[in-house]
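Student: got a predicted structure here, sequence first:
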Amino acid sequence: MAKDLAAAAKANDIKYFLISFVDLLGQLRAKLVPARAIRGMQKDGAGFAGFATWLDMTPAHPDMFAIPDPDSLIQLPWKPEVGWLAADLWMDGKPVEASPRVALKRQIAAAVKQGYRVKTGVECEFFLIDASGEALSDDLDKEEKPCYDQSALMRRYDVISEICDSMISLGWNPYQNDHEDANGQFEMNWDYTDCLTTADRHAFFKFMAKSIAENHGYRATFMPKPFAHLTGNGCHAHVSVWDKTGKKNLFLNKGDEMGLSKLAYRFIGGVLHNADSMAAMFIPAVNSYKRIDAAVTSSGATWAPNAITYSGNNRTHMVRIPDPGRFEIRLMDGATNPYLLQAAVIAAGLDGVANKRDPGKRVDLNMYTEQHKLRKVRKLPANLLDAIRLLDSSKVARKAFGDEFIDSYVKLKNEEWRRFTRSITPWERDHTLDC
């Protein structure tokens, strides 16, 4: 039986519920529902006009209903009278195909059908900036190599500790927080788990970090590259596949040099094969491509991949194998949609398994300084438009997500690209005004 949300409200002193969903462009949408009405909402969903969000609908479409998943319930640690719920979108009695959480559940079902249970963890990086969004929140954070800077970390102790305490109270088992490679940048880590739960927590974490930062007079931004001279915000994903019970790691092979099974290598092969065609979901913003293959930052390295390669415990590659039984994808950034990140990883990996894709031999070079030694290497898309076109023509993506989803996503991303190209940047004026 599903959790009774009306009973949960009474037991936990919840006065309101946020019935929430993430649209195709990654924006978190919600309705605030009083606890007295949650029983009906649990059954029938909260009504929305889909055209008012980024979901490729028109004003003529009927009502869209967000039906909350009671297992996703989270009480806001900083406002416990409010409960947050992730929701699935329905219209005319059917799931909305072009919605991210539904798309992820489709990929989870495809994995389960083959006896696989996908577990993931994410590493969310963000900057704490001032309320105007123009500068870092800490004027003293000026170190040339600021990563792990203890003083800068402790100057933002009140914010970071409140976010971490919140995760502890929610049972996420956070285990470390650090000042990251850029001035003003932080990363917070919590335990991996089933990929749907990770996606829900990822969506909530961004909301939580922003909310708590605002309460302290700051602003948290997950923008991929907010400052040209500083390292961008990554969102690395750690992936493993388990049996249907969730007790046996099917990626683990202690007899292999890297501790990975044949299944794991084929999954990696699928990720490598589809990385360029699914980049529009992994790194979905115009700004994302200023993090990929960027100029050397003030710290000395971008920490972002610039080609489609894999290696052992080597952070200059797109895929890293840090430990037996799992691998890390370093491609994603802070703009990635929490649900499409997971869905695209599964779709790419299952394609690798189905087609026995061989990732080839791992590359042990420093890809930032020795890439010229490779005879041939596949590059990531140079910009969002190239990535959209690759996704549009991807047979793998269309088979996994369906034409309706891909067509809607491509349409909205093309519109986003056109909005960008209609803008005039300061760089253009500086370099073209006197031509």
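Tutor: Cool, got the structure.
Student: wait, a helix at Trp417?
Tutor: Yes. Assigned with DSSP: H, G, I helix; E, B strand; the rest coil, Trp417 falls within a helix.
Student: surely it touches Val286?
Tutor: Yes. Here Trp417 lies in contact with Val286, judged by CB atoms under 8 Å, at a distance of 6.9 Å. All C-beta spots, glycine's among them, are computed from the backbone N, C-alpha and C.
Student: shared neighbours of those two, which are they?
Tutor: Jointly contacting Trp417 and Val286 under the rule CB atoms under 8 Å, 6 or more residues apart in numbering are Leu384.
Student: surely Asp364 meets Ser311?
Tutor: Yes. Counting by CB under 8 Å, Ser311 is a contact partner of Asp364 at 5.9 Å.
Student: and those two? which has more neighbours close in?
Tutor: Remark: of Asp364 and Ser311, Ser311 carries more neighbours, 20 against 10, as counted by other CB atoms under 10 Å.
Student: pLDDT value on the more buried one, please?
Tutor: At Ser311, the model reports a pLDDT of 98.
Student: give me the beta-bridge partners of it?
Tutor: Note on Ser311: beta-bridge partners by DSSP bridges are Arg320.
Student: how near is it to Thr120?
Tutor: Ser311 sits 20 Å away from Thr120, going by CB to CB, to the nearest Å.
Student: equivalent analysis for Ile14, please.
Tutor: To Thr120, Ile14 is 29 Å away according to CB to CB.
Student: more neighbours: the two, which one.
Tutor: Shown here are Ile14 and Thr120; by other CB under 10 Å, Thr120 has more neighbours (24 against 21).
Student: name the helix or strand for that one, please.
Tutor: For Thr120, the element it lies in under DSSP states H and E is strand 117-130.
Student: give me the buried positions along that strand.
Tutor: Residues of strand 117-130 classed as buried by neighbour count (16 or more other CB atoms under 10 Å): 117-129.
Student: can you get me a residue count around Pro59?
Tutor: Using other CB under 10 Å, Pro59 has 8 other residues around it.
Student: okay, and the common contacts of Asp364 and Ser311?
Tutor: Contact criterion CB under 8 Å, 6+ apart; residues shared by Asp364 and Ser311: none found.
Student: for Gly269, see how far away Ile168 is.
Tutor: Remark: distance between Ile168 and Gly269 (CB to CB) = 38 Å.
Student: who's more crowded, those two?
Tutor: Gly269 (22 against 13).
Student: which SS state does that one fall under?
Tutor: Here Gly269 is recorded as helix under three-state DSSP.
Student: so which bits of the lengthiest helix in the chain are buried?
Tutor: What stands out as the longest helix in the chain, according to DSSP state H, is helix 195-215. Buried residues in helix 195-215, counted by 16+ other CB under 10 Å: 195-213.
Student: check stretch 306-322 too.
Tutor: Buried residues in stretch 306-322, defined by neighbour count with 16+ other CB under 10 Å: 306-311, 314-321.
Student: and those as a markdown table, adding distance to His179?
Tutor: Formatted as a markdown table, these follow (distance: CB to CB, whole Å):
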| residue | distance to His179 |
| --- | --- |
| Asn306 | 25 |
| Ala307 | 28 |
| Ile308 | 30 |
| Thr309 | 28 |
| Tyr310 | 28 |
| Ser311 | 26 |
| Asn314 | 23 |
| Arg315 | 17 |
| Thr316 | 21 |
| His317 | 24 |
| Met318 | 25 |
| Val319 | 26 |
| Arg320 | 21 |
| Ile321 | 26 |
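Student: ok, of these, which one's closest to Pro146?
Tutor: When these are ranked by distance to Pro146 (CB to CB), Arg315 comes first, at 17.1 Å.
Student: who's in contact with the closest residue to that closest one other than its chain neighbours?
Tutor: Spatial nearest neighbour of Arg315, excluding adjacent residues (CB to CB, 6 or more residues apart in numbering): Trp303 at 6.5 Å. Trp303 is in contact with 181, 231, 234, 315, 330, counting by CB under 8 Å, 6+ apart.
Student: next: Trp172.
Tutor: Shown in contact with Trp172 (CB under 8 Å, 6+ apart): 190-191, 201.
Student: kindly report the same for Ser261.
Tutor: Going by CB under 8 Å, 6+ apart, Ser261 touches 250-253.
Student: now Lys15
Tutor: Taking CB under 8 Å, 6+ apart as the test, what Lys15 contacts is 9, 34-35, 81-82.
Student: which one (most neighbours) among the contacts of Trp303?
Tutor: Of the contacts of Trp303, with other CB under 10 Å as the count, Gly234 tops at 28 neighbours.
Student: thought it was touching Ala294?
Tutor: No. Applying CB under 8 Å as the test, Gly234 and Ala294 come out as separate, 11.8 Å apart.
Student: mutual contacts of those two, please.
Tutor: Residues touching both Gly234 and Ala294 (CB under 8 Å, 6+ apart) are Ala304.
Student: quick revisit: of the contacts of Trp303, closest to Asp403?
Tutor: Distances from Asp403 to the contacts of Trp303, taken by CB to CB, are shortest for Arg330, at 30.3 Å.
Student: what about the strands in the stretch 101-250 of the chain?
Tutor: Along the stretch 101-250 of the chain, counting by DSSP state E, counting those that start in this stretch, strands occupy 117-130, 174-179, 185-190, 193-194, 218-221, 235-242.
Student: nearest to Ala400, of those strands?
Tutor: For Ala400, the closest of the strands of the stretch 101-250 of the chain is strand 117-130, at 13.6 Å, according to CB to CB.
Student: tilt between the closest one and strand 235-242?
Tutor: With axes from the mean of the first three to the mean of the last three CA atoms, to 10 degrees as the basis, strand 117-130 and strand 235-242 are set at 170 degrees to each other.
Student: can you list the weak-confidence ranges in the stretch 1-150 of the chain?
Tutor: Segments of the stretch 1-150 of the chain classed as low confidence (criterion: pLDDT under 70) are 1-2.
Student: one step back: just the contacts of Trp172 now: which is nearest Glu257?
Tutor: Using CB to CB, the shortest approach to Glu257 within the contacts of Trp172 belongs to Asp191, at 27.1 Å.
Student: for that closest one, the count of nearby residues, please.
Tutor: When neighbours are counted by other CB under 10 Å, Asp191 comes out with 14.
Student: for the helix or strand hosting Leu350, name the packing helices and strands.
Tutor: Assessed by DSSP H and E, Leu350 sits inside helix 338-354. With contacts defined as 3 or more CB pairs under 8 Å, 6 or more residues apart in numbering; DSSP states H and E, helix 338-354 has these neighbours: helix 100-113, strand 117-130, helix 195-215, strand 235-242, helix 262-274, helix 279-282, helix 395-401.
Student: now these in a markdown table, with distance to Pro226?
Tutor: A markdown table is the format used below for the helices and strands packed on helix 338-354 (distance: least, CB to CB, whole Å):
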| stretch | distance to Pro226 |
| --- | --- |
| helix 100-113 | 24 |
| strand 117-130 | 6 |
| helix 195-215 | 14 |
| strand 235-242 | 14 |
| helix 262-274 | 27 |
| helix 279-282 | 19 |
| helix 395-401 | 29 |
